[in-house]
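1. Next come a sequence and a model predicted from it.
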Amino acid sequence: MESSCRILVLISGNGSNLQAIIDSCYDNLNADVVGVISNNPDAYGLIRAHQNEIDTSCVISREGESREEYDVRLDAAISRYQPDLIVLAGFMRILSPALVERYEGRMVNIHPSLLPLYPGLHTHARAMEAGDSEHGASVHFVIPALDAGPVILQAKVPVYGDDTIETLSERVHEQEHAIYPLVVKWFSQGRLQMKDGRAWLDGELIGPNGYAPD
Ligand SMILES: Nc1nc2c(c(=O)[nH]1)N[C@@H](CN(C=O)c1ccc(C(=O)N[C@@H](CCC(=O)O)C(=O)O)cc1)CN2
Ligand SMILES: NCC(=O)N[C@@H]1O[C@H](COP(=O)([O-])[O-])[C@@H](O)[C@H]1O
């Protein structure tokens, strides 16, 4: 039997996407969450990892430390897990180019907007303020430019007039928990790759808005 794809998940908070990926690995023998790294020692996602007997590490920023200096320590922690795929799941730090380039093609992120709309933070508020009728989430390969990597898969949700950030965020989360495990599964099956700066599934180029079945 081929060795299982070693998944390392980076978090900063609740870890509901981590939980969805952990749960999916019980049905996907090709993938195994081998570790969880958090920059926040109070992240509930660490409890989720412990509940599933998954090793955890915390890399906490230090006073006066540069982004690059932090990322050297983060990379040391990452290397200990020897991951095949690094999954950013609500990891709230911008990674330095050196670190991203080291793992380019095997680092993915989930972002709570329909990229290229609303890179960065506070995406739900921005979509509501813009009066958008739809919103959603995007899974993309990570490149040095923030939230600009090739999109792999998106999910759309409606925005209702009486939505709050909480109701919209919950609707987006539901879709995130469906698409992120699917992308992890594709990668663990060897079907998904980043080549020439673009995303490919089964040898077919994925379009700018992510995979869309015929
Ligand atoms: N080089 C890259 N790093 C990261 C990417 C990326 O595409 N390229 N994706 C992000 C995830 N992310 C949105 O999906 C994101 C995370 C964090 C921030 C941000 O502004 N962080 C601030 C600190 C914010 C805070 O502490 O609350 C910072 O790092 O200065 C924006 C977008 C992960 N990294
Ligand atoms: N810019 C990064 C960002 O905002 N990511 C978002 O953080 C949340 C993490 O939730 P979780 O901890 O419950 O998985 C998710 O909604 C993810 O899209």
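-> Received it, and whenever you're ready, just let me know what you need. Nothing here was measured: the structure is a model prediction, and the numbers come from that model. Ligands and ions are numbered 1, 2, ... in the order given.

2. Any part of the helix ranked longest in the chain near ligand 1?
-> As assigned by DSSP state H, the longest helix anywhere in the chain is helix 165-188. No. Helix 165-188 is not in contact with ligand 1 by Cβ under 6 Å from any ligand atom; minimum separation 11.1 Å. Bear in mind the C-beta positions are built from the backbone N, C-alpha and C, glycine included.

3. when you give positions from now on, start the count at 27
-> Understood, numbering begins at 27; the last thing we discussed is helix 191-214.

4. Now the element after that helix, going C-ward?
-> strand 218-221 (DSSP states H and E).

5. Just the CA coordinates for that next one, please, in PDB.
-> Written as PDB, here are the backbone C-alpha positions of strand 218-221 (Å, rounded to 0.1, in the frame of the first residue of the first chain):
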ATOM      1  CA  LEU A 218      -4.000  18.100  -8.000                       C
ATOM      2  CA  GLN A 219      -0.800  20.000  -8.700                       C
ATOM      3  CA  MET A 220       0.500  23.600  -9.200                       C
ATOM      4  CA  LYS A 221       2.600  23.900 -12.400                       C
END
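
6. for the next helix-or-strand element following it, packing partners?
-> Next along the chain after strand 218-221, taking DSSP H and E as the criterion, comes strand 224-227. If you count contacts as 3 or more Cβ pairs under 8 Å, 6 or more residues apart in numbering; DSSP states H and E, strand 224-227 packs onto strand 177-184, strand 218-221.
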